[in-house]
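# For reference, the sequence and a predicted model appear below.
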Amino acid sequence: MKNINLIKTEKEYDKVMERVLTLAKSNPEENTPEFDELSILSLLIEEYDRKHYPTDPSDPIEAIKFRMGQQDLRPVDMKEYFGSTGRFYDIINKKRNLSLAMIRKLHEGLGIAYESLLA
């Protein structure tokens, strides 16, 4: 693995992105130097993007709907996070707020960022 440094400029970003695309095309296996390099460079790109192109957290309801769409989940599938389908509809229709327990379950179970759920 080459020396890896933080990305500080757009030129460096472009160079790292080019390397990531090259590595990704080769589809490296886990526990190889190429896989480790791809993982590290991806984290550096993510950090650069977060620092230079911040995005506002999404609306909690939109974040939930988005994840449901990604995972092809139906309201009945959400009972484990909300306690009941009725409570799910109350949250989605903004008649009730998310509780801390719901936020924790949605984060841990569906991987929705806390920032999105607390917005």
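Now that the structure is in, tell me what you want to look at.
# give the contact list for residue 110.
64, 67, 71, 81 (CB atoms under 8 Å, 6 or more residues apart in numbering). The C-beta positions use only the backbone N, C-alpha and C, and glycine is treated the same way.
# one more time with 7 Å
When contacts are counted by CB atoms under 7 Å, 6 or more residues apart in numbering, residue 110 touches residue 67.
# quick one: pLDDT of residue 111?
pLDDT for residue 111: 92.
# Likewise for residue 88?
Looking at residue 88, its pLDDT is 96.
# Any buried residues in the host helix or strand of it, and which?
If you go by DSSP states H and E, residue 88 is part of helix 85-92. For helix 85-92, a neighbour-count test (16 or more other CB atoms under 10 Å) marks 87, 88, 91, 92 as buried.
# Residue 23 reaches residue 37, doesn't it?
Yes - counting by CB atoms under 7 Å, residue 37 is a contact partner of residue 23 at 6.3 Å.
# And the strand or helix carrying residue 14, what does it pack against?
Using DSSP H and E, residue 14 falls within helix 10-26. For helix 10-26, the packing partners by 3 or more CB pairs under 7 Å, 6 or more residues apart in numbering; DSSP states H and E come out as helix 33-52.
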